[in-house]
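> Predicted model, plus sequence, below.
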Amino acid sequence: MTTAQTLSEAATSRFVCIEEGDLALQLHYNDCGAGAETLVMLHGSGPGASGWANFNRNVEPMVAAGYRVILMDCPGWSKSDPIVCTGSRSDLNARALKGLLDAIGIDRAHLIGNSMGGHSAVAFALANPERVGKLVLMGGGTGGASPFAPMPTEGIKLLQGLYREPTIDNLKKMMNVFVYDTGDLTEELFQTRLDNMLSRRDHLENFVESLAANPKQFPDFGLRLAEIKAQTLIVWGSNDRFVPMDTGLRLLAGLPNAELHVFNRCGHWAQWEHADRFNRLVLDFLRH
Ligand SMILES: O=C(O)CCC(=O)/C=C/C=C(\O)C(=O)O
């Protein structure tokens, strides 16, 4: 068992083979802490992303508060198996999550999703409503066009460019649009992210192939949002240049039991840019 004192990526790293219908693959995840309630964190779709890379500022406070925290690396990211996705990636990730929860014996969990992770959490909640406690959707929750921002957004264009040409220059261009305050981006962070990306060129190539086969990897769940009864906290950065804030407003309009928190001076990574406030906000939401 890992406690808040012994948390590290290496100490919490686990692998599991899942079979979910015709989906059979090995997934990597981090299993942190112990507690009666489980919190699953789902990462975004950037090159080199992983559960640990996205949520390293959030795991420890949640574990310290008594939650078991599972970070799932989606198929096609980090140490999980490679995959080409020609359909809905949100639904693919949701199926992978169901396989993971079945394999490790978790009936019900709260879900925190970042960007693609938010889209995937909504797909999971639609398919498995009885297995969801509360939802936290951050910079994501549904695909679909923005009525206000030019699509694809500048952030998504840079993300796709980075997949096609994974260089340090392109990584810096993307990360500089990713966050509001670029002063927080260190050379160490860039290098770690570059190493993650380049260690799995198969993932990068598969993402490009997936996009060519199906440019709309994240479907619009707008018409089905009312089916989700779970209490939902939507979190957005007002300076998000990847998934614009009006997506958060669409989620608020569609999800009957939702509330929205907007951080000013915040880009696409609220859980990292405003980690302390974000952690307190989420813990308060989960407890009440
Ligand atoms: O295209 C979308 O709607 C989702 C984009 C997305 O998931 C981007 C996420 C990026 C990260 O969180 C990351 O690279 O860490």
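That came in fine, so what should we check first? Residues are numbered from 1 along each chain as shown.
> who does the strand or helix carrying Leu97 touch, helix- and strand-wise?
Assigning secondary structure by DSSP states H and E places Leu97 in helix 89-104. Helices and strands touching helix 89-104, as assessed by 3 or more CB pairs under 8 Å, 6 or more residues apart in numbering; DSSP states H and E, comprise strand 13-20, strand 23-32, strand 38-42, strand 68-72, helix 116-127. All C-beta spots, glycine's among them, are computed from the backbone N, C-alpha and C.
> Can you tell me the closest non-neighbouring residue to the residue of the chain found nearest the ligand?
Closest contact between the chain and the ligand, by CB to the nearest ligand atom, is at Gly46 (1.7 Å). In space, not counting the residues next to it along the chain, Gly46 is nearest to Leu159; the distance is 5.6 Å by CB to CB, 6 or more residues apart in numbering.
> Touching, Val122 and Gly141? I think so.
Yes: using CB atoms under 8 Å as the test, Val122 is close enough to Gly141 to be in contact (5.1 Å).
> Find residues that contact each of these two.
Overlap between the neighbourhoods of Val122 and Gly141 consists of 113, 221, taking contacts as CB atoms under 8 Å, 6 or more residues apart in numbering.
> Please, where are all the strands along the stretch 101-250 of the chain?
In the stretch 101-250 of the chain, the strands defined using DSSP state E, counting those that start in this stretch lie at 109-114, 132-138, 232-237.
> Against Ala94, how distant is Gly48?
Distance, Gly48 to Ala94, by CB to CB, to the nearest Å: 22 Å.
> Then Cys85?
Here the criterion is CB to CB. By it, Cys85 lies 12 Å from Ala94.
> pLDDT wise, what is Asp22 at?
In the prediction, the pLDDT value recorded for Asp22 is 93.
> residues contacting it?
When contacts are counted by CB under 8 Å, 6+ apart, Asp22 is found next to no other residue.
> repeat for Gly51
Applying CB under 8 Å, 6+ apart, the residues contacting Gly51 are 29-30, 41-43, 71-73, 78.
> Could you confirm whether stretch 148-163 reaches the ligand?
Yes: Stretch 148-163 reaches the ligand (CB under 6 Å from any ligand atom) through Ile156.
> quick revisit: compare Val122 and Gly141 (neighbour count), which wins?
Neighbour count, other CB atoms under 10 Å: between Val122 and Gly141, Gly141 has more, with 35 against 32.
> Looks like that one contacts Thr247 (just checking).
Yes: when contacts are counted by CB under 8 Å, Gly141 is listed as touching Thr247 (7.0 Å).
> What is the burial count for the residue nearest to Gly143 when sequence neighbours are not counted?
Spatial nearest neighbour of Gly143, excluding adjacent residues (CB to CB, 6+ apart): Phe218 at 3.3 Å. Phe218 is surrounded by 24 other residues when neighbours are defined as other CB under 10 Å.
> residues touching Phe218, list them.
88-90, 116, 119, 140, 142-143.
> repeat that with 6 Å
Counting by CB atoms under 6 Å, 6 or more residues apart in numbering, Phe218 touches 90, 119, 143.
> per-residue pLDDT, it?
Listed pLDDT for Phe218 reads 98.
> gap between Lys172 and Leu260?
Relative to Leu260, and taking CB to CB, Lys172 is found at 31 Å.
> now do His110
Using CB to CB, His110 is found at 18 Å from Leu260.
> same deal with Thr232?
For Thr232, the distance to Leu260 - CB to CB - is 9 Å.
> which of the two has more neighbours?
The neighbour comparison of Thr232 against Leu260 (other CB under 10 Å) goes to Thr232, with 26 against 17.
> all helices of the stretch 101-250 of the chain, in order?
Using DSSP state H, counting those that start in this stretch, the helices of the stretch 101-250 of the chain run over 116-127, 154-164, 168-178, 187-199, 201-213, 245-254.
> Can I get those helices in CSV including distance to Gly105?
As requested, the helices of the stretch 101-250 of the chain are exported to CSV (distance: least, CB to CB, whole Å):
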stretch, distance to Gly105
helix 116-127, 17
helix 154-164, 35
helix 168-178, 36
helix 187-199, 29
helix 201-213, 28
helix 245-254, 31
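> what does the stretch 51-200 of the chain have sitting close to the ligand?
Counting by CB under 6 Å from any ligand atom, the stretch 51-200 of the chain comes close to the ligand at 54, 114-116, 140, 143, 156.
> need the residues you listed in a markdown table with neighbour count, can you?
Conversion of these to a markdown table gives the following (neighbours: other CB atoms under 10 Å):
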| residue | neighbour count |
| --- | --- |
| Asn54 | 23 |
| Asn114 | 31 |
| Ser115 | 28 |
| Met116 | 25 |
| Gly140 | 30 |
| Gly143 | 20 |
| Ile156 | 18 |
